[in-house]
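Novice: Give me a 3D structure for the following:
(chains A, B, C and D)
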Number of protein chains: 2
Amino acid sequence: MTTSGPDPEDLTARARIRDAALRHFGEHGFERTTIRGIADTAGVSSGLVRHHFGSKQELREACDAYLTKMIRRLNDQVRADMTPDDVNYIALSRAALGPYQQYLARALAEGWAAPVFDGLVEMGEQWLEEVDGKRPDPPYADRRVRAALGVAMALGVQILHRHLSRNMGVDMYSPEGDHLVARAMLDIYSHPMISPDEAAAMRDALDKVRGTSPQAERVTALRRDEEHDHD
Amino acid sequence: MTTSGPDPEDLTARARIRDAALRHFGEHGFERTTIRGIADTAGVSSGLVRHHFGSKQELREACDAYLTKMIRRLNDQVRADMTPDDVNYIALSRAALGPYQQYLARALAEGWAAPVFDGLVEMGEQWLEEVDGKRPDPPYADRRVRAALGVAMALGVQILHRHLSRNMGVDMYSPEGDHLVARAMLDIYSHPMISPDEAAAMRDALDKVRGTSPQAERVTALRRDEEHDHD
DNA sequence: ACGGCAACTACACACGTGTGTATGCTACTT
DNA sequence: AAGTAGCATACACACGTGTGTAGTTGCCGT
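Specialist: Take a look at the predicted model:
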(Lines give C-alpha, C1' and ligand atoms only; values in the text may rest on other atoms or scores of the structure.)
Protein backbone atom coordinates (compact mmCIF):
# COMPACT_ATOMS: atom_id res chain seq x y z
CA MET A 1 0.00 0.00 0.00
CA THR A 2 0.99 3.63 -0.43
CA THR A 3 3.40 4.57 -3.12
CA SER A 4 7.04 3.65 -3.23
CA GLY A 5 9.50 6.30 -2.14
CA PRO A 6 12.08 7.94 -4.37
CA ASP A 7 14.27 4.89 -3.87
CA PRO A 8 12.60 1.47 -3.81
CA GLU A 9 15.38 0.27 -1.55
CA ASP A 10 14.43 2.90 0.99
CA LEU A 11 11.40 2.80 3.22
CA THR A 12 8.39 4.90 2.46
CA ALA A 13 8.39 8.40 3.85
CA ARG A 14 5.70 7.55 6.32
CA ALA A 15 7.76 4.70 7.70
CA ARG A 16 10.87 6.85 7.83
CA ILE A 17 8.98 9.46 9.81
CA ARG A 18 7.70 6.80 12.18
CA ASP A 19 11.17 5.42 12.72
CA ALA A 20 12.59 8.88 13.29
CA ALA A 21 9.82 9.57 15.76
CA LEU A 22 10.58 6.32 17.54
CA ARG A 23 14.20 7.35 17.87
CA HIS A 24 13.51 10.91 18.95
CA PHE A 25 10.83 10.03 21.44
CA GLY A 26 13.08 7.34 22.83
CA GLU A 27 16.13 9.52 23.19
CA HIS A 28 14.65 12.81 24.32
CA GLY A 29 11.17 11.95 25.56
CA PHE A 30 7.90 13.20 24.21
CA GLU A 31 7.97 16.80 25.38
CA ARG A 32 11.51 17.61 24.38
CA THR A 33 11.02 16.05 20.97
CA THR A 34 10.12 18.54 18.25
CA ILE A 35 8.25 17.76 15.09
CA ARG A 36 10.85 19.69 13.16
CA GLY A 37 13.56 17.52 14.64
CA ILE A 38 11.76 14.38 13.57
CA ALA A 39 11.18 15.74 10.10
CA ASP A 40 14.85 16.63 9.89
CA THR A 41 16.10 13.14 10.65
CA ALA A 42 13.47 11.65 8.37
CA GLY A 43 14.65 13.93 5.60
CA VAL A 44 11.26 15.52 5.04
CA SER A 45 9.55 18.75 5.85
CA SER A 46 7.80 19.29 9.12
CA GLY A 47 4.52 19.76 7.34
CA LEU A 48 4.64 16.26 5.95
CA VAL A 49 4.73 14.87 9.43
CA ARG A 50 1.48 16.63 10.12
CA HIS A 51 0.13 15.49 6.77
CA HIS A 52 0.63 11.81 7.48
CA PHE A 53 -0.08 11.76 11.17
CA GLY A 54 -2.50 14.41 12.26
CA SER A 55 -0.69 15.77 15.27
CA LYS A 56 2.18 15.11 17.60
CA GLN A 57 -0.10 13.14 19.86
CA GLU A 58 -1.42 11.00 17.04
CA LEU A 59 2.11 10.41 15.82
CA ARG A 60 3.02 8.97 19.19
CA GLU A 61 -0.10 6.84 19.19
CA ALA A 62 0.89 5.52 15.79
CA CYS A 63 4.26 4.58 17.26
CA ASP A 64 2.52 2.80 20.09
CA ALA A 65 0.25 0.94 17.71
CA TYR A 66 3.21 -0.12 15.62
CA LEU A 67 5.04 -1.52 18.61
CA THR A 68 1.89 -3.11 19.93
CA LYS A 69 1.44 -5.04 16.73
CA MET A 70 5.04 -6.12 16.86
CA ILE A 71 4.73 -7.27 20.45
CA ARG A 72 1.65 -9.25 19.62
CA ARG A 73 3.38 -10.95 16.74
CA LEU A 74 6.29 -11.73 19.00
CA ASN A 75 3.89 -13.12 21.51
CA ASP A 76 2.35 -15.44 18.98
CA GLN A 77 5.70 -16.60 17.74
CA VAL A 78 7.02 -17.33 21.20
CA ARG A 79 3.85 -19.17 22.00
CA ALA A 80 4.17 -21.17 18.81
CA ASP A 81 7.72 -22.45 18.69
CA MET A 82 8.67 -22.36 22.33
CA THR A 83 10.87 -25.33 23.08
CA PRO A 84 11.67 -26.65 26.54
CA ASP A 85 15.35 -25.84 26.29
CA ASP A 86 14.56 -22.35 25.06
CA VAL A 87 13.69 -20.91 28.40
CA ASN A 88 15.32 -17.57 28.13
CA TYR A 89 12.64 -16.06 26.02
CA ILE A 90 13.43 -12.89 27.87
CA ALA A 91 16.63 -12.50 25.93
CA LEU A 92 14.71 -13.06 22.72
CA SER A 93 12.20 -10.40 23.58
CA ARG A 94 14.94 -7.98 24.41
CA ALA A 95 16.69 -8.71 21.18
CA ALA A 96 13.49 -8.39 19.18
CA LEU A 97 12.56 -5.05 20.67
CA GLY A 98 16.10 -4.05 19.80
CA PRO A 99 16.30 -0.45 18.70
CA TYR A 100 12.89 0.30 20.14
CA GLN A 101 13.85 -0.50 23.71
CA GLN A 102 14.61 3.12 24.35
CA TYR A 103 11.26 4.29 23.08
CA LEU A 104 9.44 1.55 24.87
CA ALA A 105 11.04 2.42 28.17
CA ARG A 106 10.33 6.12 27.79
CA ALA A 107 6.77 5.68 26.67
CA LEU A 108 5.95 3.26 29.43
CA ALA A 109 7.59 5.43 32.05
CA GLU A 110 5.52 8.34 30.85
CA GLY A 111 2.41 6.25 31.29
CA TRP A 112 1.68 5.51 27.65
CA ALA A 113 1.85 2.46 25.43
CA ALA A 114 -0.56 0.60 27.65
CA PRO A 115 -1.30 -2.12 25.07
CA VAL A 116 2.39 -2.89 24.80
CA PHE A 117 2.67 -3.35 28.52
CA ASP A 118 -0.44 -5.49 28.61
CA GLY A 119 0.92 -7.61 25.80
CA LEU A 120 4.06 -8.25 27.78
CA VAL A 121 1.99 -9.10 30.83
CA GLU A 122 0.05 -11.57 28.74
CA MET A 123 3.29 -13.21 27.70
CA GLY A 124 4.48 -13.34 31.28
CA GLU A 125 1.19 -14.83 32.35
CA GLN A 126 1.50 -17.63 29.84
CA TRP A 127 4.99 -18.28 31.01
CA LEU A 128 3.93 -18.33 34.65
CA GLU A 129 1.13 -20.70 33.80
CA GLU A 130 3.72 -23.19 32.70
CA VAL A 131 6.13 -22.56 35.54
CA ASP A 132 3.57 -22.57 38.32
CA GLY A 133 3.00 -26.26 37.76
CA LYS A 134 6.52 -27.08 38.95
CA ARG A 135 6.04 -25.25 42.22
CA PRO A 136 5.52 -27.23 45.41
CA ASP A 137 3.59 -24.52 47.23
CA PRO A 138 0.67 -22.52 45.83
CA PRO A 139 1.45 -18.94 44.83
CA TYR A 140 0.66 -16.20 47.30
CA ALA A 141 -0.91 -13.94 44.77
CA ASP A 142 -2.89 -13.77 41.58
CA ARG A 143 -1.00 -14.83 38.50
CA ARG A 144 -1.74 -11.69 36.58
CA VAL A 145 -0.46 -9.49 39.37
CA ARG A 146 2.73 -11.47 39.59
CA ALA A 147 3.15 -11.33 35.84
CA ALA A 148 2.61 -7.60 35.78
CA LEU A 149 5.11 -7.09 38.57
CA GLY A 150 7.63 -9.27 36.80
CA VAL A 151 7.26 -7.27 33.62
CA ALA A 152 7.55 -4.00 35.51
CA MET A 153 10.71 -5.17 37.21
CA ALA A 154 12.27 -6.34 33.99
CA LEU A 155 11.41 -3.06 32.31
CA GLY A 156 12.82 -1.12 35.23
CA VAL A 157 16.23 -2.34 34.17
CA GLN A 158 15.70 -0.93 30.70
CA ILE A 159 14.25 2.34 31.91
CA LEU A 160 17.07 2.99 34.34
CA HIS A 161 19.81 1.89 32.00
CA ARG A 162 21.65 5.15 32.45
CA HIS A 163 21.97 4.70 36.17
CA LEU A 164 22.89 1.07 35.76
CA SER A 165 25.57 1.85 33.23
CA ARG A 166 27.00 4.44 35.59
CA ASN A 167 27.07 2.01 38.48
CA MET A 168 28.56 -0.77 36.41
CA GLY A 169 31.22 1.36 34.83
CA VAL A 170 30.37 0.20 31.31
CA ASP A 171 27.54 1.00 28.96
CA MET A 172 24.70 -1.42 29.47
CA TYR A 173 24.14 -1.70 25.76
CA SER A 174 27.72 -2.57 24.95
CA PRO A 175 28.58 -6.27 24.59
CA GLU A 176 30.43 -6.33 27.90
CA GLY A 177 27.66 -4.52 29.68
CA ASP A 178 25.06 -6.82 28.23
CA HIS A 179 27.02 -9.84 29.33
CA LEU A 180 27.40 -8.43 32.83
CA VAL A 181 23.71 -7.69 33.11
CA ALA A 182 22.76 -11.10 31.78
CA ARG A 183 24.95 -12.86 34.34
CA ALA A 184 23.63 -10.81 37.22
CA MET A 185 20.03 -11.21 36.10
CA LEU A 186 20.55 -14.93 35.89
CA ASP A 187 21.88 -14.93 39.42
CA ILE A 188 18.99 -12.89 40.72
CA TYR A 189 16.36 -14.90 38.91
CA SER A 190 17.79 -18.20 40.07
CA HIS A 191 18.12 -17.28 43.73
CA PRO A 192 15.33 -16.27 46.10
CA MET A 193 16.12 -13.01 47.84
CA ILE A 194 14.10 -14.06 50.86
CA SER A 195 14.21 -17.46 52.54
CA PRO A 196 10.95 -19.43 52.81
CA ASP A 197 10.66 -19.07 56.60
CA GLU A 198 11.33 -15.35 56.47
CA ALA A 199 8.77 -15.06 53.73
CA ALA A 200 6.20 -16.92 55.77
CA ALA A 201 6.82 -14.68 58.76
CA MET A 202 6.55 -11.58 56.65
CA ARG A 203 3.42 -12.84 55.02
CA ASP A 204 1.79 -13.38 58.39
CA ALA A 205 2.87 -9.94 59.53
CA LEU A 206 1.59 -8.47 56.32
CA ASP A 207 -1.86 -10.01 56.58
CA LYS A 208 -2.09 -9.11 60.24
CA VAL A 209 -1.10 -5.52 60.86
CA ARG A 210 -2.47 -4.24 57.59
CA GLY A 211 -2.95 -0.73 59.04
CA THR A 212 -0.41 1.14 61.15
CA SER A 213 2.92 -0.57 61.41
CA PRO A 214 5.66 0.03 63.98
CA GLN A 215 7.64 1.49 61.12
CA ALA A 216 5.24 4.36 60.81
CA GLU A 217 6.55 6.14 63.88
CA ARG A 218 10.10 5.70 62.83
CA VAL A 219 9.37 7.20 59.46
CA THR A 220 7.64 10.23 60.84
CA ALA A 221 10.54 10.67 63.25
CA LEU A 222 12.90 10.55 60.33
CA ARG A 223 10.96 13.20 58.55
CA ARG A 224 10.73 15.39 61.63
CA ASP A 225 14.49 15.36 62.06
CA GLU A 226 15.07 16.49 58.59
CA GLU A 227 12.87 19.51 58.93
CA HIS A 228 15.13 21.06 61.56
CA ASP A 229 18.53 21.31 60.03
CA HIS A 230 18.71 24.05 57.53
CA ASP A 231 17.95 23.19 53.99
CA MET B 1 17.58 29.64 59.84
CA THR B 2 15.70 31.96 57.55
CA THR B 3 12.71 33.78 58.89
CA SER B 4 9.46 32.22 59.93
CA GLY B 5 6.64 32.40 57.46
CA PRO B 6 3.38 34.27 58.01
CA ASP B 7 2.22 31.38 60.12
CA PRO B 8 4.79 29.72 62.38
CA GLU B 9 2.87 26.49 62.01
CA ASP B 10 3.42 26.58 58.26
CA LEU B 11 6.67 25.80 56.52
CA THR B 12 8.81 28.55 55.14
CA ALA B 13 8.00 29.71 51.65
CA ARG B 14 11.16 28.17 50.26
CA ALA B 15 10.21 24.79 51.65
CA ARG B 16 6.68 25.12 50.36
CA ILE B 17 8.00 25.87 46.91
CA ARG B 18 10.31 22.88 47.10
CA ASP B 19 7.46 20.62 48.13
CA ALA B 20 5.22 21.96 45.41
CA ALA B 21 7.99 21.40 42.89
CA LEU B 22 8.43 17.86 44.13
CA ARG B 23 4.75 17.22 43.60
CA HIS B 24 4.53 18.88 40.21
CA PHE B 25 7.66 17.28 38.83
CA GLY B 26 6.45 13.95 40.13
CA GLU B 27 3.00 14.19 38.68
CA HIS B 28 3.63 15.83 35.34
CA GLY B 29 7.34 15.41 34.70
CA PHE B 30 9.93 18.11 34.29
CA GLU B 31 8.98 19.51 30.92
CA ARG B 32 5.26 19.73 31.44
CA THR B 33 5.72 21.34 34.82
CA THR B 34 5.51 25.12 34.75
CA ILE B 35 7.08 27.48 37.24
CA ARG B 36 3.79 29.31 37.43
CA GLY B 37 2.03 26.10 38.34
CA ILE B 38 4.49 25.40 41.13
CA ALA B 39 4.16 28.94 42.42
CA ASP B 40 0.42 28.57 42.34
CA THR B 41 0.30 25.45 44.50
CA ALA B 42 2.91 26.91 46.82
CA GLY B 43 0.75 29.99 47.19
CA VAL B 44 3.41 32.40 45.99
CA SER B 45 4.20 34.34 42.87
CA SER B 46 6.20 32.85 40.06
CA GLY B 47 8.91 35.40 40.55
CA LEU B 48 9.60 34.18 44.05
CA VAL B 49 10.45 30.77 42.72
CA ARG B 50 13.11 32.33 40.60
CA HIS B 51 14.21 34.45 43.55
CA HIS B 52 14.88 31.46 45.80
CA PHE B 53 16.13 29.01 43.23
CA GLY B 54 17.83 30.57 40.27
CA SER B 55 16.16 28.69 37.47
CA LYS B 56 13.95 25.73 36.73
CA GLN B 57 16.98 23.53 36.36
CA GLU B 58 18.45 24.62 39.67
CA LEU B 59 15.11 24.08 41.33
CA ARG B 60 15.12 20.52 40.17
CA GLU B 61 18.65 20.06 41.37
CA ALA B 62 17.62 21.40 44.75
CA CYS B 63 14.87 18.80 44.84
CA ASP B 64 17.40 16.11 44.00
CA ALA B 65 19.77 17.32 46.70
CA TYR B 66 16.98 17.35 49.22
CA LEU B 67 16.01 13.78 48.46
CA THR B 68 19.63 12.71 48.35
CA LYS B 69 20.16 13.96 51.88
CA MET B 70 17.03 12.19 52.98
CA ILE B 71 18.10 8.93 51.41
CA ARG B 72 21.48 9.17 53.04
CA ARG B 73 19.91 9.72 56.43
CA LEU B 74 17.63 6.76 55.81
CA ASN B 75 20.64 4.73 54.83
CA ASP B 76 22.40 5.56 58.08
CA GLN B 77 19.37 4.81 60.16
CA VAL B 78 18.73 1.46 58.54
CA ARG B 79 22.35 0.59 58.97
CA ALA B 80 22.18 1.57 62.62
CA ASP B 81 19.12 -0.11 64.03
CA MET B 82 18.61 -2.96 61.62
CA THR B 83 17.42 -5.95 63.60
CA PRO B 84 17.42 -9.53 62.34
CA ASP B 85 13.67 -9.81 62.40
CA ASP B 86 13.32 -6.55 60.56
CA VAL B 87 14.20 -7.85 57.15
CA ASN B 88 11.69 -6.00 55.09
CA TYR B 89 13.60 -2.78 55.06
CA ILE B 90 12.18 -2.40 51.60
CA ALA B 91 8.79 -1.60 53.03
CA LEU B 92 10.40 0.89 55.35
CA SER B 93 12.17 2.62 52.52
CA ARG B 94 8.99 2.77 50.53
CA ALA B 95 7.13 4.25 53.45
CA ALA B 96 9.86 6.76 54.14
CA LEU B 97 10.04 7.98 50.57
CA GLY B 98 6.31 8.25 50.84
CA PRO B 99 4.99 11.25 48.97
CA TYR B 100 8.22 11.61 47.07
CA GLN B 101 7.98 8.23 45.36
CA GLN B 102 6.33 9.82 42.39
CA TYR B 103 9.05 12.42 41.97
CA LEU B 104 11.76 9.90 42.53
CA ALA B 105 10.40 7.60 39.89
CA ARG B 106 10.03 10.37 37.34
CA ALA B 107 13.41 11.92 38.01
CA LEU B 108 15.20 8.59 37.81
CA ALA B 109 13.37 7.60 34.66
CA GLU B 110 14.41 10.88 33.10
CA GLY B 111 18.02 10.13 33.97
CA TRP B 112 18.41 12.50 36.89
CA ALA B 113 18.80 12.14 40.62
CA ALA B 114 21.88 10.00 40.18
CA PRO B 115 23.01 10.39 43.81
CA VAL B 116 19.66 9.10 45.00
CA PHE B 117 19.98 6.01 42.88
CA ASP B 118 23.54 5.46 44.01
CA GLY B 119 22.45 5.83 47.61
CA LEU B 120 19.88 3.12 47.12
CA VAL B 121 22.45 0.91 45.45
CA GLU B 122 24.72 1.41 48.43
CA MET B 123 21.94 0.28 50.72
CA GLY B 124 21.27 -2.72 48.57
CA GLU B 125 24.93 -3.58 48.53
CA GLN B 126 25.10 -3.57 52.30
CA TRP B 127 22.06 -5.77 52.44
CA LEU B 128 23.51 -8.18 49.91
CA GLU B 129 26.73 -8.29 51.87
CA GLU B 130 24.78 -9.72 54.75
CA VAL B 131 22.64 -12.07 52.69
CA ASP B 132 25.46 -13.43 50.52
CA GLY B 133 26.87 -15.17 53.57
CA LYS B 134 23.90 -17.48 53.79
CA ARG B 135 24.26 -18.66 50.22
CA PRO B 136 25.70 -22.07 49.47
CA ASP B 137 27.01 -21.21 46.03
CA PRO B 138 29.11 -18.17 45.12
CA PRO B 139 27.26 -15.39 43.26
CA TYR B 140 27.59 -15.29 39.50
CA ALA B 141 28.17 -11.59 39.34
CA ASP B 142 29.67 -8.62 41.10
CA ARG B 143 27.76 -7.52 44.18
CA ARG B 144 27.38 -3.94 43.06
CA VAL B 145 25.91 -4.96 39.73
CA ARG B 146 23.41 -7.21 41.42
CA ALA B 147 22.54 -4.48 43.89
CA ALA B 148 22.06 -1.96 41.12
CA LEU B 149 19.85 -4.36 39.19
CA GLY B 150 17.81 -5.09 42.27
CA VAL B 151 17.26 -1.41 42.88
CA ALA B 152 16.32 -0.84 39.26
CA MET B 153 13.84 -3.66 39.37
CA ALA B 154 12.26 -2.44 42.57
CA LEU B 155 12.01 1.05 41.18
CA GLY B 156 10.50 -0.25 37.99
CA VAL B 157 7.44 -1.17 40.00
CA GLN B 158 7.14 2.40 41.23
CA ILE B 159 7.81 3.94 37.85
CA LEU B 160 5.22 1.81 36.10
CA HIS B 161 2.61 2.09 38.82
CA ARG B 162 0.03 3.30 36.33
CA HIS B 163 0.30 0.20 34.21
CA LEU B 164 0.36 -2.00 37.26
CA SER B 165 -2.73 -0.40 38.70
CA ARG B 166 -4.50 -0.88 35.40
CA ASN B 167 -3.57 -4.54 35.24
CA MET B 168 -4.48 -5.15 38.86
CA GLY B 169 -7.79 -3.38 38.66
CA VAL B 170 -7.12 -1.30 41.74
CA ASP B 171 -4.91 1.69 42.41
CA MET B 172 -1.47 0.55 43.49
CA TYR B 173 -1.33 3.26 46.12
CA SER B 174 -4.63 2.35 47.71
CA PRO B 175 -4.50 0.08 50.77
CA GLU B 176 -5.85 -2.88 48.84
CA GLY B 177 -3.46 -2.31 45.98
CA ASP B 178 -0.54 -1.97 48.32
CA HIS B 179 -1.48 -5.20 50.02
CA LEU B 180 -1.78 -6.99 46.72
CA VAL B 181 1.58 -5.74 45.55
CA ALA B 182 3.24 -6.63 48.80
CA ARG B 183 1.93 -10.19 48.66
CA ALA B 184 2.99 -10.67 45.07
CA MET B 185 6.39 -9.14 45.69
CA LEU B 186 6.88 -11.44 48.62
CA ASP B 187 6.04 -14.39 46.42
CA ILE B 188 8.41 -13.28 43.71
CA TYR B 189 11.24 -12.51 46.08
CA SER B 190 10.90 -15.80 47.89
CA HIS B 191 10.78 -18.01 44.81
CA PRO B 192 13.46 -18.38 42.16
CA MET B 193 12.03 -17.83 38.70
CA ILE B 194 14.60 -20.16 37.20
CA SER B 195 15.59 -23.53 38.58
CA PRO B 196 19.28 -24.10 39.44
CA ASP B 197 19.90 -26.56 36.61
CA GLU B 198 18.25 -24.35 34.05
CA ALA B 199 20.30 -21.47 35.37
CA ALA B 200 23.49 -23.44 35.04
CA ALA B 201 22.65 -24.38 31.48
CA MET B 202 21.82 -20.84 30.60
CA ARG B 203 24.99 -19.60 32.22
CA ASP B 204 27.07 -21.96 30.17
CA ALA B 205 25.26 -20.94 27.02
CA LEU B 206 25.72 -17.32 27.93
CA ASP B 207 29.45 -17.56 28.46
CA LYS B 208 29.87 -19.62 25.34
CA VAL B 209 28.06 -18.12 22.41
CA ARG B 210 28.58 -14.55 23.43
CA GLY B 211 28.39 -13.34 19.88
CA THR B 212 25.71 -14.33 17.41
CA SER B 213 22.98 -16.44 18.89
CA PRO B 214 20.52 -18.68 17.08
CA GLN B 215 17.87 -16.21 18.12
CA ALA B 216 19.35 -13.53 15.94
CA GLU B 217 17.99 -15.04 12.74
CA ARG B 218 14.58 -15.49 14.21
CA VAL B 219 14.50 -11.89 15.25
CA THR B 220 15.50 -10.53 11.90
CA ALA B 221 12.91 -12.79 10.33
CA LEU B 222 10.36 -11.35 12.65
CA ARG B 223 11.26 -7.86 11.66
CA ARG B 224 11.25 -8.69 7.97
CA ASP B 225 7.74 -10.05 8.21
CA GLU B 226 6.46 -6.94 9.79
CA GLU B 227 7.76 -4.70 7.04
CA HIS B 228 5.50 -6.26 4.47
CA ASP B 229 2.01 -5.96 5.77
CA HIS B 230 0.77 -2.45 5.48
CA ASP B 231 1.29 -0.14 8.37
C1' DA C 1 -4.18 14.24 -22.74
C1' DC C 2 -6.22 15.82 -18.91
C1' DG C 3 -8.44 16.13 -14.57
C1' DG C 4 -7.88 14.92 -9.92
C1' DC C 5 -5.88 13.38 -5.94
C1' DA C 6 -2.30 12.45 -2.86
C1' DA C 7 2.46 13.61 -1.47
C1' DC C 8 5.07 17.28 -0.10
C1' DT C 9 6.69 22.09 0.91
C1' DA C 10 6.92 26.94 2.63
C1' DC C 11 5.34 30.35 5.38
C1' DA C 12 2.95 32.57 9.10
C1' DC C 13 0.28 32.75 13.28
C1' DA C 14 -0.83 32.12 18.20
C1' DC C 15 0.38 30.77 22.50
C1' DG C 16 2.76 29.07 26.42
C1' DT C 17 6.68 29.60 29.09
C1' DG C 18 11.37 30.67 31.00
C1' DT C 19 13.65 34.57 32.20
C1' DG C 20 14.78 39.42 33.21
C1' DT C 21 13.86 43.82 35.64
C1' DA C 22 11.79 47.28 38.25
C1' DT C 23 8.97 48.11 42.28
C1' DG C 24 6.54 47.70 46.75
C1' DC C 25 6.40 45.74 51.35
C1' DT C 26 7.72 43.90 55.91
C1' DA C 27 10.65 43.23 59.73
C1' DC C 28 14.73 43.61 62.11
C1' DT C 29 18.85 46.41 63.53
C1' DT C 30 21.19 50.52 65.44
C1' DA D 1 12.85 56.78 63.91
C1' DA D 2 15.25 55.71 59.99
C1' DG D 3 17.78 52.84 57.19
C1' DT D 4 18.66 48.48 55.18
C1' DA D 5 18.36 43.77 53.66
C1' DG D 6 15.62 40.22 52.31
C1' DC D 7 10.88 38.70 50.76
C1' DA D 8 7.48 39.02 47.42
C1' DT D 9 4.90 40.81 43.29
C1' DA D 10 3.79 42.48 38.67
C1' DC D 11 4.85 43.27 34.18
C1' DA D 12 7.20 42.67 29.85
C1' DC D 13 10.24 40.47 26.59
C1' DA D 14 12.13 36.78 23.61
C1' DC D 15 11.88 32.46 21.81
C1' DG D 16 10.60 27.86 20.68
C1' DT D 17 7.09 25.12 18.99
C1' DG D 18 2.55 23.12 17.62
C1' DT D 19 -0.62 24.02 14.33
C1' DG D 20 -3.08 25.98 10.42
C1' DT D 21 -3.28 27.26 5.41
C1' DA D 22 -2.12 28.09 0.84
C1' DG D 23 0.66 26.57 -2.83
C1' DT D 24 3.51 23.19 -5.85
C1' DT D 25 4.90 18.84 -7.79
C1' DG D 26 4.14 14.41 -9.67
C1' DC D 27 1.80 10.23 -10.49
C1' DC D 28 -2.27 7.39 -11.92
C1' DG D 29 -6.59 6.20 -13.95
C1' DT D 30 -10.05 7.13 -17.53
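Novice: Report the helix or strand with the lowest average pLDDT across chain A.
Specialist: Lowest by mean pLDDT, DSSP states H and E among the helices and strands of chain A is helix A:214-228, with a mean of 49.
Novice: Tell me the helices and strands packed up against the longest helix along chain A.
Specialist: The longest helix of chain A (DSSP state H) is helix A:56-80. Other elements packing on helix A:56-80 under the criterion 3 or more C-beta pairs under 8 Å, 6 or more residues apart in numbering or on different chains; DSSP states H and E are helix A:13-32, helix A:35-42, helix A:89-97, helix A:101-109, helix A:114-132, helix B:214-228. Any C-beta I mention is one placed from the backbone N, CA and C, and that applies to glycine too.
Novice: Looking at chain A, what residue ends up closest to chain B?
Specialist: The nearest approach of chain A to chain B comes at A:G156, 1.8 Å away (C-beta to the nearest C-beta).
Novice: how deep is that residue tucked in, by neighbour count?
Specialist: When counting by other C-beta atoms under 10 Å in any protein chain shown, one arrives at 29 neighbours for A:G156.
Novice: quick revisit: pipe the helices and strands packed on helix A:56-80 into JSON lines and attach distance to A:R162 and mean neighbour count per row.
Specialist: Shown next, in JSON lines, are those (distance: least, C-beta to C-beta, whole Å; neighbours: other C-beta atoms under 10 Å in any protein chain shown):
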{"stretch": "helix A:13-32", "distance to A:R162": "12", "mean neighbour count": "20"}
{"stretch": "helix A:35-42", "distance to A:R162": "21", "mean neighbour count": "18"}
{"stretch": "helix A:89-97", "distance to A:R162": "17", "mean neighbour count": "19"}
{"stretch": "helix A:101-109", "distance to A:R162": "10", "mean neighbour count": "23"}
{"stretch": "helix A:114-132", "distance to A:R162": "21", "mean neighbour count": "19"}
{"stretch": "helix B:214-228", "distance to A:R162": "25", "mean neighbour count": "13"}
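Novice: between the ones you listed, which gets the lowest average pLDDT?
Specialist: Mean pLDDT is lowest for helix B:214-228 among the helices and strands packed on helix A:56-80, at a mean of 49.
Novice: mind checking which of the helices and strands packed on helix A:56-80 is nearest DNA strand C?
Specialist: Within these, the stretch nearest DNA strand C is helix A:13-32; the backing value is 3.5 Å (C-beta to the nearest atom of the strand).
Novice: Can you name the residues of chain A sitting close to DNA strand D?
Specialist: For chain A, the residues in contact with DNA strand D (C-beta under 7 Å from any atom of the strand) are A:T3, A:R32, A:T33, A:T34, A:I35, A:R36, A:S46, A:G47, A:R50, A:S55, A:K56, A:Q57.
Novice: which among those end up buried?
Specialist: A:T33, A:I35, A:K56 (16 or more other C-beta atoms under 10 Å in any protein chain shown).
Novice: sorry, back to before: quick one: residues contacting the residue of chain A closest to chain B.
Specialist: B:A152, B:M153, B:A154, B:L155, B:G156, B:V157, B:I159, B:L160 (C-beta atoms under 8 Å, 6 or more residues apart in numbering or on different chains).
Novice: repeat that for 6 Å
Specialist: Listed by C-beta atoms under 6 Å, 6 or more residues apart in numbering or on different chains, the contact set of A:G156 reads B:A152, B:M153, B:L155, B:G156.
Novice: same thing with A:V44?
Specialist: A:V44 makes contacts with A:A13, as judged by C-beta under 6 Å, 6+ apart.
Novice: So it versus A:R60, what's the distance?
Specialist: Using C-beta to C-beta, to the nearest Å, we find A:V44 at a distance of 18 Å from A:R60.
Novice: Could you pull out the buried residues of the longest helix of chain A?
Specialist: A:56, A:59-60, A:62-64, A:66-71, A:73-75, A:77-78.
Novice: how far is it from where the chain is centred?
Specialist: Using C-alpha atoms, centre = their mean, to the nearest Å, the mean C-alpha position of helix A:56-80 is found 13 Å from that of the whole chain.
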